[in-house]
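Enquirer: Only the shape, not the letters, is given here:
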């Protein structure tokens, strides 16, 4: 119970810090899902003016803003893109190549065939 309470306080503190750091030009989302750009902040009344479409401005309580949408992507060595050296079409799962039907009418048949092959591999027989 104490752990849950401290986690909640931590989240509330992070939200308060986020809301206090709002600045014009940031793209944010409200709790109801409206995405817009911060145009103006009235510090005295805690009102944030958001522009969701060019020329369409709405006023929101600062507490209604829950998330920043244009957060920069963190540079990380783990996120490094690796070059794909495989040929297109030569990708195969560990179980072997997958046959893809030409149209949807063959999809049921292909699925049954795969299931039958798996049963045969495991030595099961079809006793109905």
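Expert: Right, received. Where do you want to start? Keep in mind that what you see is a predicted model, and the values were worked out from it rather than measured.
Enquirer: any chance you could map the strands in this protein?
Expert: Per DSSP state E, the chain carries strands over the ranges 27-30, 35-42, 47-53, 56-61, 65-68.
Enquirer: which of these sits most buried?
Expert: Neighbour counts (mean count of other C-beta atoms under 10 Å) averaged over each of the strands of the chain peak at strand 27-30, with a mean of 18. Bear in mind the C-beta positions are built from the backbone N, C-alpha and C, glycine included.
Enquirer: what is the mean pLDDT for that one?
Expert: Averaging pLDDT along strand 27-30 gives 92.
Enquirer: Neighbouring strands - and their directions - for that strand?
Expert: strand 35-42 (antiparallel), strand 65-68 (antiparallel) (DSSP bridges).
Enquirer: beta partners for residue 53?
Expert: Beta-bridge partners for residue 53, by DSSP bridges, are residue 56.
Enquirer: Could I get the pLDDT score of residue 94?
Expert: Predicted confidence (pLDDT) for residue 94: 58.
Enquirer: in the lowest-mean-pLDDT helix or strand in the chain, what's buried?
Expert: In the chain, no helix or strand scores lower on mean pLDDT, DSSP states H and E than helix 107-121, which sits at a mean of 75. Neighbour counts over helix 107-121 (16 or more other C-beta atoms under 10 Å) mark no residue as buried.
Enquirer: Right, I'll call it a day here.
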